[in-house]
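Chemist: kindly return the folded structure for what I paste below:
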Amino acid sequence: MTLSAQEITKLIKKKIPDAIIEVNDIKGDNNHYHAKIISQKFKGLSKLKQHKMVYEAIGSHMGTTLHALMLTTSES
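Modeler: Numbers count the residues shown, from 1 in each chain. Okay, the predicted model is just below:
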């Protein structure tokens with residue numbers, strides 16, 4: 001079982017409600033994605049902390065139902 005781009009967006013929105021999210025399937029296999037996320041919650045945080053926040057939103061799906069997620073994050 002894999003996650004769709006819509007499911008990834010929904011998981012991130014639960015943790016980061018103000019996020020503007022664009023998720024693209026980079027290999028066409030529903031298992032390798034690139035997510036661009038813009039949020040005020042990232043203000044003042046390092047890229048590492050921003051990415052950690054997103055991975056926490058994905059939770060246990062990372063490495064199981066979701067193989068790879070490349071991130072581009074920024075504050076709005």
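
Chemist: distance of Arg14 from His32?
Modeler: If you look again at residue 14, you'll see it is Lys, not Arg. 22 Å (CB to CB, to the nearest Å). Yep, even glycine has a C-beta here, placed from its N, CA and C like the rest.

Chemist: list the buried residues of stretch 46-58.
Modeler: Neighbour-count burial for stretch 46-58 flags 50-51, 53-54, 57-58 (criterion: 16 or more other CB atoms under 10 Å).

Chemist: secondary structure for these - can I get that in TSV?
Modeler: Rendered in TSV, the data for the buried residues of stretch 46-58 read as follows (DSSP: H, G, I helix; E, B strand; the rest coil):
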residue	secondary structure
Gln50	helix
His51	helix
Met53	helix
Val54	helix
Ala57	helix
Ile58	helix
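
Chemist: for those residues, which one is nearest Thr73?
Modeler: Taking CB to CB as the measure, Thr73 lies nearest Gln50 of the buried residues of stretch 46-58, at 4.1 Å.

Chemist: find the nearest non-adjacent residue to that closest one, please.
Modeler: Distances taken as CB to CB, 6 or more residues apart in numbering put Thr73 closest to Gln50, at 4.1 Å, once the chain neighbours are dropped.

Chemist: check which helices and strands the helix or strand hosting the one you found is in contact with.
Modeler: If you go by DSSP states H and E, Thr73 is part of strand 68-74. Where contact means 3 or more CB pairs under 8 Å, 6 or more residues apart in numbering; DSSP states H and E, strand 68-74 is packed against strand 32-38, helix 47-58.

Chemist: and Leu69, which of the ones you listed is closest to it?
Modeler: Across these, Leu69 has its closest neighbour in strand 32-38 (5.2 Å, CB to CB).

Chemist: got the contact list for the closest one?
Modeler: Contact partners of strand 32-38, identified using CB atoms under 8 Å, 6 or more residues apart in numbering, comprise 5, 8, 12, 16, 19-26, 50, 54, 66-76.
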